[in-house]
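Undergrad: The following comprises the amino acid sequence and a computationally predicted model.
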Amino acid sequence: MELCNIQFGAAMKKECFHFEEGYTFINHGSYGVVPTKIRDKQKQLLDALNDNPDVFYRRITQQLFSRAIDTAAKFLGADPKNLVFVQNATTGVNSVLKAFPWQKGDEILATVYTYKAVEYACRKVAEFSTGGHIHQFDIRFPINDESEVVNSMTSFLDKHPKIRLVVLDHIASPTALAFPVKKMIAECRKRGVMVLIDGAHAPGQMEINLEDLDPDFYTGNFHKWVFTPRGCAILWVRKDHQDWCTPLVTSHMYKKGIQLEYCVQGTRDDIPYFCVPEAIQFYKDIGGMDKINKYTRNLLDKASALVAERLGTEVLQIPKSMEAPGMRLVLLPEYKGYDKTWDGADKLQMDIMNQHKIICVISPVQSELYLRLSANIYNEMTDYVKIADLLNGLPKKS
């Protein structure tokens, strides 16, 4: 059966994926899912590596890298010369921050919803590099218009002239909020401030043309929404920064150009990168972005409305233009035994996973707990009915 003829939902799950029985998966956003076809390709390449490591590393690897980079670049509207592979978006962020030519007093701007690992990386470089400060501008919900987020950033920049780098999400992990990054990059450039975009969730969800978007740096995962094995992400570096934006690991190709420096990182498993062409082909064969996003948006509209109605709450109030195609947030009631903090959120989502076998994410937003729903081509409404039933039955604080 041709992939384009397989109906999304239960049929797609049965034909193209393999999940542990008994679990409900509504958290595609955290780790993605690898189709069986791509898992087979991964195993094939791993066998080739293990059968003859010398030939694989010394002769085959460079060919596979070139093919994968060219395919990824075409998918993202990038010049292949500006694109390298890294293991994940966190690695990409760290690569930029720890190579950055900081001067004493330089400051960094992020948001209050910056992914914690990225926030901590910013704090780390401030500790040993600049003696400066990490600022985080606020984002308040409900949001009525994109300009509210842009203005929150620009007003902060105008008050803090020592900010040298802004770190922005393309899609924020805790809130599933899609930022108007093109507008925000333009405002930063007017002020002579560099921009690093954390696009961890964006490839596969958002239309991306990196040469047109033109940030200073962009990193994004392929193992979330583009179906590669885990440990596969890209880092795009503007040409005028490539002489100093070196990788975290210095290896044999030191000072031989950004492509070779990132390609040769010592002995490691690069096979997730080499699966990029097959993963992108799978993505296209099932219908591509328009078909996938149409399905997930429609499914999440219904699912988030269902959960909110059952719980007597509401979805996170943001403009349609700022909704991520594959993720939504629903406000949770106040439950007994779960504080409205990061610790409380983690405890609730772990209890749901361990006791009820439903895989989801809970996030604290503005002192409330929210359920983050993800949707992909193997999900259907019955998945979200299960979480609605469970949450509706949990004991609430009186």
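TA: Nice, thanks for sending it over.
Undergrad: Could you pull up the contacting residues of the closest residue to Tyr115 other than its chain neighbours?
TA: Closest residue to Tyr115 apart from its sequence neighbours, by Cβ to Cβ, 6 or more residues apart in numbering: Ser173 at 4.9 Å. Quick note: C-beta positions are derived from backbone N, CA and C, even for glycine. Taking Cβ atoms under 8 Å, 6 or more residues apart in numbering as the definition of contact, the neighbours of Ser173 are Gly29, Tyr113, Tyr115, Ala200, His201.
Undergrad: Check what pLDDT the second one gets.
TA: Listed pLDDT for Tyr113 reads 95.
Undergrad: Check the gap between it and Val361 for me.
TA: 14 Å (Cβ to Cβ, to the nearest Å).
Undergrad: These two: who's more crowded?
TA: Of the pair Tyr113 and Val361, Val361 is the one with more neighbours under other Cβ atoms under 10 Å, namely 22 against 18.
Undergrad: unless I'm mixing things up, that one is touching Tyr31, no?
TA: No: applying Cβ atoms under 8 Å, one finds Val361 not in contact with Tyr31, separated by 10.8 Å.
Undergrad: For the helix ranked longest in the chain, which helices and strands make contact with it?
TA: In the chain, with assignment by DSSP state H, the single longest helix is helix 288-311. Helix 288-311 sits against strand 327-331, strand 368-374, helix 381-393, with contacts defined as 3 or more Cβ pairs under 8 Å, 6 or more residues apart in numbering; DSSP states H and E.
Undergrad: Look up how far Thr90 lies from Ala200.
TA: Here Ala200 is placed at a distance of 8 Å from Thr90 (Cβ to Cβ).
Undergrad: Can I get stretch 134-146 in PDB, CA atoms only?
TA: Taking Å, rounded to 0.1, in the frame of the first residue of the first chain, the C-alpha atoms of stretch 134-146 are listed here in PDB:
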ATOM      1  CA  ILE A 134      20.700  37.100  31.700                       C
ATOM      2  CA  HIS A 135      17.400  39.000  31.200                       C
ATOM      3  CA  GLN A 136      14.100  37.300  30.500                       C
ATOM      4  CA  PHE A 137      11.300  39.400  29.100                       C
ATOM      5  CA  ASP A 138       7.800  38.500  30.200                       C
ATOM      6  CA  ILE A 139       5.000  37.000  28.000                       C
ATOM      7  CA  ARG A 140       1.500  37.400  29.500                       C
ATOM      8  CA  PHE A 141      -1.600  35.400  28.600                       C
ATOM      9  CA  PRO A 142      -4.100  35.900  27.100                       C
ATOM     10  CA  ILE A 143      -2.400  37.300  24.000                       C
ATOM     11  CA  ASN A 144      -4.500  39.200  21.600                       C
ATOM     12  CA  ASP A 145      -2.000  40.000  18.900                       C
ATOM     13  CA  GLU A 146       1.600  39.100  17.900                       C
END
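Undergrad: Give me the buried positions along it.
TA: Along stretch 134-146, these residues count as buried under the neighbour rule (16 or more other Cβ atoms under 10 Å): Ile134, His135, Gln136, Phe137, Ile139, Phe141, Ile143, Glu146.
Undergrad: So what touches that stretch?
TA: Taking contacts as Cβ under 8 Å, 6+ apart, the residues outside stretch 134-146 that touch it are 107-114, 119, 122-123, 126, 148-149, 152-153, 155-156, 160, 163, 175, 177, 180, 183, 316-319, 321-322, 365-366.
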